[in-house]
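Student: curious how this folds, go ahead:
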Amino acid sequence: MNKKVGRKVYITVFLISILISSIPAFSARDENKITLAVMDFKNNSSRLRYDRLQIEKKHAREVGRLAGAEYIITGEINVTSGQLRIDTHIIKVATGQIVGEKVSGASSNFIEPMIHLLANNIIFVLTGNGKRTEVRKLTTYYANWMLVSTTGLVVTTALFHSAYKSNYDKYHDASNLGEFDNYYDKANKNYKIRNVFLVVSSAAAITTFILWQADRTKSNRIYARNTKNIPGHLQPKWALGVLADGSQYGLSLNIRF
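Tutor: Have a look, this model is predicted:
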């Protein structure tokens, strides 16, 4: 999904029955469940696959009443200023009150952590459980592992350098031709191997620095914001939600408390 979002790419990513422990709101009671699914559309058709329901915003409250939901969650997935953004509208069925929750990321590769962040904040808005998260840093370049590898290469380089220096000194101290040739060959071999590791270690150190810098950029962060909080956190029993952009993929939620 590094290519343009408008391209017809088929996505089928399921996050079904997410582990209760991964969302703070679900740590209290085992019967609490959330089902999230990123669905795909086929050939830009309006029919959402896997029998998920697509609801137009103007009909959202009526569908919520018919389904018995206290809240209906609608929204869309868009690309704005190069950012992938999920906009949701949490509508209280009884009054029509709307609360907006949004998450955005630099790439559709971040869709799964974006869904987790969105779910976390929706749960907080509706129940007050857990806490809101506005920014989440994603590590994608693994600079720490590269640092460990670089350290290992530097240590190996130092060992071969030490061996070269030792044999080089013994070569100069040799008293007969046999020892002279033996220590010369060993020193020469260690010298060549040390130089190879020195080049590789230098390249690894530069790569580590580049990856470390890349890990610190804002493009590795996903952001969330909302319009306003629902006062009192009314503890609904059921919130039904469907997100769809009608062209490529959507997100459906079925949240039980």
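
Student: for the stretch 1-150 of the chain, just list every one of the helices.
Tutor: 60-67, 111-127, 143-173 (DSSP state H, counting those that start in this stretch).

Student: can you say which of those helices is nearest to residue 79?
Tutor: helix 111-127 (12.2 Å; Cβ to Cβ). Yep, even glycine has a C-beta here, placed from its N, CA and C like the rest.

Student: report the buried residues of that closest one.
Tutor: Residues of helix 111-127 classed as buried: 111, 114-127 (neighbour count, 16 or more other Cβ atoms under 10 Å).

Student: same check, this time on stretch 125-141
Tutor: Buried residues in stretch 125-141 (16+ other Cβ under 10 Å): 125-127, 129, 133, 136, 138, 141.

Student: which helices and strands does the one helix or strand residue 189 maps to pack with?
Tutor: Assigned by DSSP states H and E, residue 189 falls within helix 177-215. Identification of packing neighbours for helix 177-215 by 3 or more Cβ pairs under 8 Å, 6 or more residues apart in numbering; DSSP states H and E yields helix 143-173.

Student: not counting its neighbours along the chain, what's nearest residue 164?
Tutor: residue 190 (3.6 Å; Cβ to Cβ, 6 or more residues apart in numbering).

Student: check contacts around that neighbour.
Tutor: Listed by Cβ atoms under 8 Å, 6 or more residues apart in numbering, the contact set of residue 190 reads 160-161, 163-164, 167.

Student: ok, 6 Å please
Tutor: 160, 163-164 (Cβ atoms under 6 Å, 6 or more residues apart in numbering).

Student: got CSV for those, with distance to residue 212 and neighbour count too?
Tutor: Below are the contacts of residue 190 laid out as CSV (distance: Cβ to Cβ, whole Å; neighbours: other Cβ atoms under 10 Å):
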residue, distance to residue 212, neighbour count
160, 26, 19
163, 31, 17
164, 31, 20
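
Student: outline the domain layout of this structure.
Tutor: 13-128+233-256, 143-215 (automatic domain parsing).

Student: pLDDT averaged over the first one, what's the number?
Tutor: Computed over domain 13-128+233-256, the mean pLDDT rounds to 55.

Student: so residue 195 versus residue 223, what's the distance?
Tutor: According to Cβ to Cβ, to the nearest Å, residue 195 and residue 223 sit 47 Å apart.

Student: between the two, who's got more neighbours?
Tutor: Comparing residue 195 with residue 223 by other Cβ atoms under 10 Å, the one with more neighbours is residue 223, at 18 against 14.

Student: no further questions, thank you.
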